[in-house]
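1. build me a structure from this.
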Amino acid sequence: MSDKFEACHAITAKWEGGWSDHPADPGGKTMFGITQATLSAYLGRPASDREIRNLDRATALAIYRERYWKRVAGDELPAGVDLCVYDFGVNSGPDRAVKSLQAALGVKADGWVGNLTLKALAEQADIARVIADLCDRREIFLRGLPTFSRFGKGWLNRLADIRNRAMRMSRGAPQTPPVIAPAEGTAKAVPAPPAEKTVSTEQKVGGAAAGAVVVTTTLGPVAGFWRDNKDVLSDPIFLAVAGVLAAVVIFMLLRRPKTVEEQA
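-> So this is what the prediction gives:
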(Lines give C-alpha, C1' and ligand atoms only; values in the text may rest on other atoms or scores of the structure.)
Protein backbone atom coordinates (compact mmCIF):
# COMPACT_ATOMS: atom_id res chain seq x y z
CA MET A 1 0.00 0.00 0.00
CA SER A 2 1.56 3.25 -1.10
CA ASP A 3 2.07 6.21 1.22
CA LYS A 4 0.22 8.36 -1.34
CA PHE A 5 -2.82 6.12 -1.15
CA GLU A 6 -2.79 6.11 2.65
CA ALA A 7 -2.56 9.91 2.79
CA CYS A 8 -5.37 10.48 0.29
CA HIS A 9 -7.67 7.77 1.58
CA ALA A 10 -7.37 9.01 5.17
CA ILE A 11 -8.98 12.27 4.00
CA THR A 12 -11.61 10.66 1.78
CA ALA A 13 -12.56 8.10 4.44
CA LYS A 14 -13.64 10.85 6.85
CA TRP A 15 -16.19 12.04 4.29
CA GLU A 16 -17.38 8.56 3.40
CA GLY A 17 -18.29 7.77 7.00
CA GLY A 18 -19.68 4.43 8.19
CA TRP A 19 -23.12 2.89 7.66
CA SER A 20 -25.67 4.74 5.51
CA ASP A 21 -28.97 3.76 3.94
CA HIS A 22 -30.67 7.03 3.02
CA PRO A 23 -33.68 6.44 0.74
CA ALA A 24 -32.71 9.38 -1.51
CA ASP A 25 -29.06 8.32 -1.88
CA PRO A 26 -28.45 6.71 -5.33
CA GLY A 27 -25.76 4.57 -3.69
CA GLY A 28 -28.30 2.76 -1.54
CA LYS A 29 -26.95 0.67 1.34
CA THR A 30 -23.39 1.81 2.00
CA MET A 31 -20.71 0.90 4.52
CA PHE A 32 -17.50 2.95 4.73
CA GLY A 33 -18.54 4.46 1.40
CA ILE A 34 -18.68 1.05 -0.33
CA THR A 35 -22.07 0.45 -1.94
CA GLN A 36 -23.79 -2.90 -2.09
CA ALA A 37 -23.37 -2.95 -5.89
CA THR A 38 -19.62 -2.28 -5.58
CA LEU A 39 -19.21 -5.04 -3.00
CA SER A 40 -21.15 -7.41 -5.27
CA ALA A 41 -18.83 -6.67 -8.20
CA TYR A 42 -15.80 -7.17 -5.95
CA LEU A 43 -17.11 -10.52 -4.66
CA GLY A 44 -18.23 -11.68 -8.09
CA ARG A 45 -21.75 -12.41 -6.83
CA PRO A 46 -24.67 -10.53 -5.27
CA ALA A 47 -23.76 -9.26 -1.81
CA SER A 48 -26.47 -9.72 0.80
CA ASP A 49 -27.80 -6.97 3.04
CA ARG A 50 -26.03 -8.68 5.93
CA GLU A 51 -22.68 -8.69 4.11
CA ILE A 52 -22.75 -4.98 3.27
CA ARG A 53 -23.89 -4.11 6.79
CA ASN A 54 -21.03 -6.15 8.30
CA LEU A 55 -18.34 -5.12 5.81
CA ASP A 56 -15.01 -4.83 7.63
CA ARG A 57 -12.55 -1.98 7.16
CA ALA A 58 -9.80 -4.20 5.73
CA THR A 59 -12.03 -5.39 2.87
CA ALA A 60 -13.29 -1.86 2.26
CA LEU A 61 -9.70 -0.62 2.07
CA ALA A 62 -8.78 -3.36 -0.43
CA ILE A 63 -11.76 -2.39 -2.60
CA TYR A 64 -10.79 1.28 -2.51
CA ARG A 65 -7.25 0.51 -3.55
CA GLU A 66 -8.13 -1.90 -6.36
CA ARG A 67 -11.28 -0.32 -7.79
CA TYR A 68 -10.61 3.38 -7.25
CA TRP A 69 -6.98 4.29 -6.50
CA LYS A 70 -5.48 2.02 -9.17
CA ARG A 71 -8.29 2.85 -11.58
CA VAL A 72 -7.34 6.54 -11.54
CA ALA A 73 -3.58 5.74 -11.52
CA GLY A 74 -3.19 7.54 -8.19
CA ASP A 75 0.48 6.61 -7.81
CA GLU A 76 1.29 8.34 -11.12
CA LEU A 77 -0.47 11.63 -10.36
CA PRO A 78 1.18 14.71 -8.82
CA ALA A 79 0.58 15.54 -5.17
CA GLY A 80 -2.79 17.25 -4.75
CA VAL A 81 -4.08 16.10 -8.12
CA ASP A 82 -4.07 12.54 -6.76
CA LEU A 83 -6.39 13.51 -3.90
CA CYS A 84 -8.72 15.49 -6.18
CA VAL A 85 -9.13 12.72 -8.74
CA TYR A 86 -9.33 9.93 -6.15
CA ASP A 87 -11.95 11.62 -3.97
CA PHE A 88 -13.96 12.63 -7.04
CA GLY A 89 -13.79 9.02 -8.26
CA VAL A 90 -14.93 7.59 -4.94
CA ASN A 91 -17.87 9.99 -4.71
CA SER A 92 -18.97 10.06 -8.36
CA GLY A 93 -17.17 7.28 -10.23
CA PRO A 94 -13.55 6.92 -11.47
CA ASP A 95 -14.51 7.29 -15.13
CA ARG A 96 -16.14 10.67 -14.56
CA ALA A 97 -13.24 11.85 -12.38
CA VAL A 98 -10.58 10.94 -14.96
CA LYS A 99 -12.55 12.48 -17.84
CA SER A 100 -12.86 15.71 -15.85
CA LEU A 101 -9.10 15.71 -15.26
CA GLN A 102 -8.46 15.14 -18.96
CA ALA A 103 -10.84 17.97 -19.85
CA ALA A 104 -8.93 20.25 -17.48
CA LEU A 105 -5.68 19.25 -19.20
CA GLY A 106 -7.08 19.65 -22.71
CA VAL A 107 -6.43 16.05 -23.78
CA LYS A 108 -8.80 13.42 -25.16
CA ALA A 109 -11.30 12.52 -22.42
CA ASP A 110 -11.45 8.73 -22.68
CA GLY A 111 -11.64 7.95 -18.95
CA TRP A 112 -8.24 6.23 -18.72
CA VAL A 113 -5.00 7.72 -17.44
CA GLY A 114 -2.50 6.88 -20.18
CA ASN A 115 0.72 8.27 -21.63
CA LEU A 116 -0.84 11.42 -23.11
CA THR A 117 -2.59 12.32 -19.86
CA LEU A 118 0.56 11.79 -17.80
CA LYS A 119 2.63 13.73 -20.35
CA ALA A 120 0.19 16.64 -20.18
CA LEU A 121 0.43 16.61 -16.38
CA ALA A 122 4.23 16.49 -16.47
CA GLU A 123 4.28 19.55 -18.73
CA GLN A 124 2.02 21.57 -16.43
CA ALA A 125 3.91 24.41 -14.79
CA ASP A 126 0.93 25.32 -12.61
CA ILE A 127 -0.49 22.28 -10.82
CA ALA A 128 -2.61 24.57 -8.64
CA ARG A 129 -4.48 25.67 -11.77
CA VAL A 130 -5.21 22.04 -12.65
CA ILE A 131 -6.55 21.40 -9.14
CA ALA A 132 -8.73 24.51 -9.25
CA ASP A 133 -10.07 23.66 -12.72
CA LEU A 134 -10.83 20.07 -11.72
CA CYS A 135 -12.64 21.17 -8.55
CA ASP A 136 -14.63 23.74 -10.52
CA ARG A 137 -15.72 21.06 -12.97
CA ARG A 138 -16.71 18.81 -10.08
CA GLU A 139 -18.84 21.57 -8.57
CA ILE A 140 -20.63 22.16 -11.88
CA PHE A 141 -21.41 18.45 -12.08
CA LEU A 142 -22.68 18.37 -8.49
CA ARG A 143 -24.99 21.33 -8.99
CA GLY A 144 -26.54 19.62 -11.99
CA LEU A 145 -27.62 16.52 -10.07
CA PRO A 146 -31.33 16.14 -9.20
CA THR A 147 -30.43 15.34 -5.58
CA PHE A 148 -28.37 18.51 -5.11
CA SER A 149 -31.17 20.23 -3.16
CA ARG A 150 -31.03 17.40 -0.61
CA PHE A 151 -27.30 16.62 -0.42
CA GLY A 152 -25.68 19.68 -2.02
CA LYS A 153 -24.52 21.33 1.19
CA GLY A 154 -22.59 18.24 2.27
CA TRP A 155 -21.09 17.78 -1.18
CA LEU A 156 -19.90 21.38 -1.37
CA ASN A 157 -18.43 21.21 2.14
CA ARG A 158 -16.56 18.08 1.11
CA LEU A 159 -15.36 19.68 -2.12
CA ALA A 160 -14.13 22.79 -0.27
CA ASP A 161 -12.15 20.58 2.11
CA ILE A 162 -10.66 18.54 -0.75
CA ARG A 163 -9.76 21.69 -2.69
CA ASN A 164 -8.00 23.22 0.32
CA ARG A 165 -6.09 20.05 1.19
CA ALA A 166 -5.12 19.35 -2.42
CA MET A 167 -3.70 22.87 -2.77
CA ARG A 168 -1.64 22.38 0.39
CA MET A 169 -0.42 19.01 -0.87
CA SER A 170 0.70 20.56 -4.16
CA ARG A 171 2.84 23.06 -2.22
CA GLY A 172 4.21 20.45 0.17
CA ALA A 173 2.54 22.22 3.10
CA PRO A 174 1.41 20.28 6.19
CA GLN A 175 -2.24 19.34 6.38
CA THR A 176 -4.71 21.24 8.52
CA PRO A 177 -6.52 19.53 11.42
CA PRO A 178 -9.14 16.94 10.43
CA VAL A 179 -12.53 18.29 9.47
CA ILE A 180 -15.69 17.25 11.29
CA ALA A 181 -17.50 15.31 8.60
CA PRO A 182 -21.04 13.92 8.99
CA ALA A 183 -21.03 10.63 10.91
CA GLU A 184 -23.16 9.01 8.20
CA GLY A 185 -20.87 10.34 5.47
CA THR A 186 -21.95 12.14 2.31
CA ALA A 187 -24.29 10.66 -0.26
CA LYS A 188 -22.96 9.31 -3.54
CA ALA A 189 -22.93 12.16 -6.04
CA VAL A 190 -24.03 10.16 -9.06
CA PRO A 191 -27.10 10.31 -11.29
CA ALA A 192 -29.92 8.17 -9.96
CA PRO A 193 -30.24 4.87 -11.87
CA PRO A 194 -33.24 4.59 -14.20
CA ALA A 195 -36.25 2.79 -12.79
CA GLU A 196 -36.80 -0.69 -14.21
CA LYS A 197 -40.09 -2.17 -13.04
CA THR A 198 -39.51 -5.56 -14.63
CA VAL A 199 -36.14 -6.24 -12.95
CA SER A 200 -35.56 -6.32 -9.22
CA THR A 201 -32.65 -4.55 -7.54
CA GLU A 202 -31.18 -7.90 -6.52
CA GLN A 203 -31.33 -9.17 -10.10
CA LYS A 204 -29.68 -6.02 -11.41
CA VAL A 205 -26.89 -6.25 -8.84
CA GLY A 206 -26.42 -9.95 -9.53
CA GLY A 207 -26.35 -9.44 -13.27
CA ALA A 208 -23.82 -6.63 -12.99
CA ALA A 209 -21.60 -8.71 -10.73
CA ALA A 210 -21.78 -11.75 -13.00
CA GLY A 211 -21.03 -9.60 -16.03
CA ALA A 212 -18.04 -8.09 -14.28
CA VAL A 213 -16.66 -11.54 -13.53
CA VAL A 214 -17.04 -12.70 -17.15
CA VAL A 215 -15.43 -9.56 -18.56
CA THR A 216 -12.59 -9.63 -16.03
CA THR A 217 -11.90 -13.33 -16.64
CA THR A 218 -12.08 -13.39 -20.43
CA LEU A 219 -10.97 -9.89 -21.39
CA GLY A 220 -8.78 -8.88 -18.48
CA PRO A 221 -5.37 -9.13 -20.23
CA VAL A 222 -6.67 -7.45 -23.40
CA ALA A 223 -8.40 -4.69 -21.43
CA GLY A 224 -5.25 -4.10 -19.40
CA PHE A 225 -3.08 -3.81 -22.51
CA TRP A 226 -5.59 -1.44 -24.13
CA ARG A 227 -5.81 0.69 -20.99
CA ASP A 228 -2.04 1.04 -20.67
CA ASN A 229 -1.47 1.82 -24.34
CA LYS A 230 -4.75 3.40 -25.47
CA ASP A 231 -3.22 6.84 -26.03
CA VAL A 232 -0.70 5.44 -28.51
CA LEU A 233 -3.00 2.90 -30.16
CA SER A 234 -5.65 5.54 -30.86
CA ASP A 235 -3.21 8.12 -32.23
CA PRO A 236 -4.06 9.00 -35.89
CA ILE A 237 -0.43 8.67 -37.02
CA PHE A 238 -0.11 5.24 -35.44
CA LEU A 239 -3.38 4.13 -37.04
CA ALA A 240 -2.25 5.37 -40.46
CA VAL A 241 1.10 3.54 -40.25
CA ALA A 242 -0.61 0.39 -38.96
CA GLY A 243 -3.09 0.57 -41.86
CA VAL A 244 -0.29 0.79 -44.44
CA LEU A 245 1.58 -2.12 -42.88
CA ALA A 246 -1.59 -4.19 -42.75
CA ALA A 247 -2.24 -3.48 -46.43
CA VAL A 248 1.29 -4.57 -47.35
CA VAL A 249 0.96 -7.80 -45.37
CA ILE A 250 -2.40 -8.59 -46.95
CA PHE A 251 -0.99 -7.89 -50.43
CA MET A 252 1.97 -10.20 -49.82
CA LEU A 253 -0.28 -12.98 -48.50
CA LEU A 254 -2.78 -12.76 -51.35
CA ARG A 255 -0.28 -12.35 -54.18
CA ARG A 256 -0.51 -15.44 -56.37
CA PRO A 257 2.89 -16.94 -57.19
CA LYS A 258 3.62 -17.42 -60.89
CA THR A 259 3.30 -20.90 -62.31
CA VAL A 260 6.17 -22.58 -64.14
CA GLU A 261 4.50 -21.81 -67.50
CA GLU A 262 4.08 -18.11 -66.61
CA GLN A 263 7.74 -17.88 -65.58
CA ALA A 264 8.96 -19.45 -68.89
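2. where are the low-confidence patches of the stretch 101-250 of the chain?
-> 177-178, 183, 192-236, 238 (pLDDT under 70).
3. in it, which spans are helices?
-> Ranges of helices within the stretch 101-250 of the chain are 115-122, 127-143, 148-171, 201-233, 236-254, based on DSSP state H, counting those that start in this stretch.
4. quick one: the first one to chain centroid distance?
-> Computed by CA atoms, centre = their mean, to the nearest Å, the chain-centroid distance of helix 115-122 equals 17 Å.
5. so what's the residue nearest the centre of the chain up against?
-> For the chain, the residue nearest the mean C-alpha position is Pro94 (1.5 Å; CA atoms, centre = their mean). Contacts for Pro94 were tallied using CB atoms under 8 Å, 6 or more residues apart in numbering; they are Arg67, Tyr68, Arg71, Val72, Gly111. C-beta: built from backbone N, CA, C; applies to glycine.
6. next, count neighbours for the second one.
-> Right, Tyr68. Under the neighbour criterion other CB atoms under 10 Å, Tyr68 is assigned a count of 27.
7. can we start the residue count at 2 from this point?
-> Yes, from this point I'll number from 2; that puts the last item at Tyr69.
8. correct me, but Trp113 touches Ala98?
-> No - applying CB atoms under 8 Å as the test, Trp113 and Ala98 come out as separate, 11.6 Å apart.
9. these two: which is more packed in?
-> Set side by side, Trp113 and Ala98 give different neighbour counts by other CB under 10 Å, the larger being at Ala98 (27 against 21).
10. sticking with the more buried one, tell me its helix or strand.
-> When elements are assigned from DSSP states H and E, Ala98 belongs to helix 95-106.
11. and that helix, what's buried?
-> Of the residues in helix 95-106, those buried under the neighbour-count criterion (16 or more other CB atoms under 10 Å) are Pro95, Arg97, Ala98, Val99, Lys100, Ser101, Leu102, Gln103, Ala105, Leu106.
12. which of those residues sits closest to Val249?
-> Minimum distance to Val249 across these is 34.4 Å, recorded for Gln103 (CB to CB).
13. shouldn't that closest one be in contact with Lys120?
-> No - look at Gln103 against Lys120 with CB under 8 Å: they stay out of range, at 11.9 Å.
14. how about JSON lines for the contacts of Pro95, with distance to Cys136 added?
-> Below are these laid out as JSON lines (distance: CB to CB, whole Å):
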{"residue": "Arg68", "distance to Cys136": "23"}
{"residue": "Tyr69", "distance to Cys136": "18"}
{"residue": "Arg72", "distance to Cys136": "20"}
{"residue": "Val73", "distance to Cys136": "15"}
{"residue": "Gly112", "distance to Cys136": "19"}
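15. in strands, which of these appear?
-> The subset of the contacts of Pro95 located in strands under the criterion DSSP state E is empty.
16. I figured Gly107 hits Lys120, correct?
-> No - if you go by CB under 8 Å, Gly107 and Lys120 don't touch, sitting 11.8 Å apart.
17. which of those two has more neighbours?
-> Set side by side, Gly107 and Lys120 show more neighbours around Lys120, with 12 against 9, by other CB under 10 Å.
18. let me see the contact set for the more buried one.
-> Shown here is Lys120, which makes no contacts under the criterion CB under 8 Å, 6+ apart.
19. go on, Tyr69?
-> Tyr87, Gly90, Val91, Pro95.
20. on that earlier part again, the residue nearest to the centre of the chain and Asp162: what is the separation?
-> Remark: distance between Pro95 and Asp162 (CB to CB, to the nearest Å) = 20 Å.
21. got the confidence number for Leu62?
-> The predicted structure scores Leu62 at 95 on the pLDDT scale.
22. just how off-centre is the host helix or strand of it within its chain?
-> Secondary structure assigned from DSSP H and E places Leu62 in helix 58-65. Put simply, helix 58-65 sits 16 Å off its chain's centre (CA atoms, centre = their mean).
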